[in-house]
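Enquirer: Sequence and predicted model, in that order:
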Amino acid sequence: MTKAIYVVGHKNPDTDSICAAIAYAKLKQRLGYPAIPCRAGAINEETRFVLDYFKVEVPRLLPDLYTRARDLVNGNGGCTVVRPDMPVWEAWKLMRARKIKTLPVVDEGNHLLGLVTVGDFADKYLADLGEKDLGHICATVSNVVQTLSGTLLVGNPAQELNGTGLIGAMETETMEKYLCPDCILIVGDREKIQLAALKKGAACLILTGGAALSPAVREEAVQRGATVIGVPMDTFTTARMLLMSIPVGAIMHTTDLVVFQEDDLLDEVRKVMLNTRFRNYPVVDEQNRVVGEIARYHLLGFSKKPVILVDHNELSQAVEGAEEAQILEVVDHHRVGGIQTGEPILFRNEPVGSTCTLIAKAYLEHGIEPSLEIAGILCAGILSDTVVFKSPTCTQVDRDMAAMLGKLAGIDPVQFGITMFKKTSSLIGRSPREIVASDYKKFLVGDLQFGIGQVSVLGLEGIDELKESLLQEMEGVRKSEGADYVLLMVTDLIEEATYLLISGPNPELVGEAYQAEVRERVAYLPGVLSRKKQVVPPLIKHFQQ
């Protein structure tokens, strides 16, 4: 089965990131690829408005791209399990047929009970060598009949046999010394020994070589509630096979099991395997249900998770574990960051105002018309990232694509953009954490780590009441992430200006990057709407001097 390809945007996703991931995954699907749209975090209020408006489902959350035990299981073709009441002989035949060395033993609900290995079979037989009898046999009548390919002549197939196994190869007088209650006697056509055994309380007679059951023995067995089984094989073979009629549950081991949870990371799996010497390791889910098995060779043959990154190309902004994934493509409109790949990939990076613009171009290049819903969210992504064409990052290509998409979606782009911002841009009723995290990205500027969030508003209503709590939240984020500075752009779309809140050791130094005065950790930046084009570049230039 072809692996799913995850299409995902950056952490703390904005509308452009989410809509680009959905639309590009849909395009890939129409081109025949098993693409799945994903998100790297919670969607913001604006994005939810857009998806609800066009009746598009919120993409699934992709918490990380690390390879886990479940990924190794999914690629190795399943797992053979057995029930504890299965005869050992049947389990052994299953192992040989499927060329496996370990069998997980499970209950009716597939919950792991224990393991049985090739070594367990050997231990059972070697332990019984040299004994004066066949050892203790505990098995159902049906298991014995099945293992010995026999016929039930007298008795109940559900009856549990629980006694010593004996071979009736001596004279009757000598044999009587060994006969005991509940014993299981293997014997040929020797009626005297058969009757003697029944009178001693034998639980079961196994008549070998196709021996006939005499009326006298039948009557005695019925009267005493004993079992009689006829088998075609000789006594020696029957004795060997009888030991194989016991249930798997009798020889499985249930302690000191090395079991992986399906969420265990590949590194954890590798460490455990290096320190243990088992052939196979069961993998279970949260309810201890077996989902598969993995072995050492699976560590060599696994393939990384395939992923397409949209609206970002820096690992600091990517979903956790992206460095361990197989990056197939990058579609972005930001500066080129530090992602490295082991082989050539499709890397599309163009100086436009929105990744959704590039996705729309890809539809045109493939001669595929997006559906009304996809056209609508692509148009919304462009309007969001270009701030309804006001951002300095906006190009004529963005305007042209938005116009085309608007026609397909049946909307006026400008009017829809204004409505979108009006519905979602108020700070009132939003928590400081939600505001700071709604569109937050990390940047490495020289040796300094910056976190920069942005929120767009129509007017600054509520900002004075929230300023201190926002700065407090930003300081908490800065300390938890170990960042040098955390900035929050509160961008007023009416005034076409940004109020830059600054958390860090030297706010004035940040203000110098924009030749702006900093008052109470806030700098006023007239004409600044774009983080990508107007906030990040001056920071890089200033702090790298």
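Expert: Ah, there it is.
Enquirer: check contacts around T386.
Expert: With contacts defined as Cβ atoms under 8 Å, 6 or more residues apart in numbering, T386 is in contact with 353-354, 393-394, 398, 402. Where you see a C-beta, it was placed from the backbone N, CA and C, and this is true even at glycine.
Enquirer: if I look at it, how far off is D484?
Expert: 30 Å (Cβ to Cβ, to the nearest Å).
Enquirer: With V445 instead?
Expert: Here V445 is placed at a distance of 9 Å from D484 (Cβ to Cβ).
Enquirer: In stretch 110-125, which residues have enough neighbours to count as buried?
Expert: Applying a neighbour-count criterion of 16 or more other Cβ atoms under 10 Å, the buried positions in stretch 110-125 are 112-117, 120-121, 124.
Enquirer: Looking at the residues you listed, which one is closest to Q472?
Expert: Minimum separation from Q472 among the buried residues of stretch 110-125 (Cβ to Cβ) is found for L112, which lies at 48.6 Å.
Enquirer: what about the closest one, which SS state?
Expert: Reducing the assignment at L112 to three states with DSSP: H, G, I helix; E, B strand; the rest coil gives strand.
Enquirer: who's in contact with it?
Expert: Going by Cβ under 8 Å, 6+ apart, L112 touches 104-106, 257, 259, 282, 284, 288-290.
Enquirer: quick one, what contacts the closest residue in space to A203 that isn't next to it in sequence?
Expert: Distances taken as Cβ to Cβ, 6 or more residues apart in numbering place D182 nearest to A203, at 4.6 Å, with adjacent residues excluded. D182 is in contact with 161-164, 201-203, counting by Cβ under 8 Å, 6+ apart.
Enquirer: My reading is that N162 lies in a strand. Confirm?
Expert: Yes: using three-state DSSP, the secondary structure at N162 is a strand.
Enquirer: any idea how far K304 is from it?
Expert: Look at N162 and K304: by Cβ to Cβ, they are 53 Å apart.
Enquirer: So the two - more neighbours on which side?
Expert: Set N162 next to K304 and count neighbours by other Cβ atoms under 10 Å: K304 wins out with 17 against 12.
Enquirer: you'd agree that one is in a helix?
Expert: No: secondary structure assignment (three-state DSSP) places K304 in coil, not in a helix.
Enquirer: wait, isn't it in contact with T67?
Expert: Yes: taking contacts as Cβ atoms under 8 Å, K304 lies within contact range of T67: 6.6 Å.
Enquirer: Report the set of residues contacting both of these two.
Expert: By Cβ under 8 Å, 6+ apart, K304 and T67 have these common neighbours: E324.
Enquirer: can you tell me the distance between the two ends of stretch 53-68?
Expert: Stretch 53-68 has an end-to-end distance of 37 Å (Cα to Cα, to the nearest Å).
Enquirer: Residues in contact with that stretch: which ones?
Expert: Around stretch 53-68, the neighbours that count as contacts under Cβ under 8 Å, 6+ apart are 6, 8, 18, 21-22, 25, 36-41, 43, 48, 50-51, 262-266, 302, 304-305, 307, 319-322, 324-325, 372-374, 376-377, 380, 409.
Enquirer: Brilliant, that's me finished.
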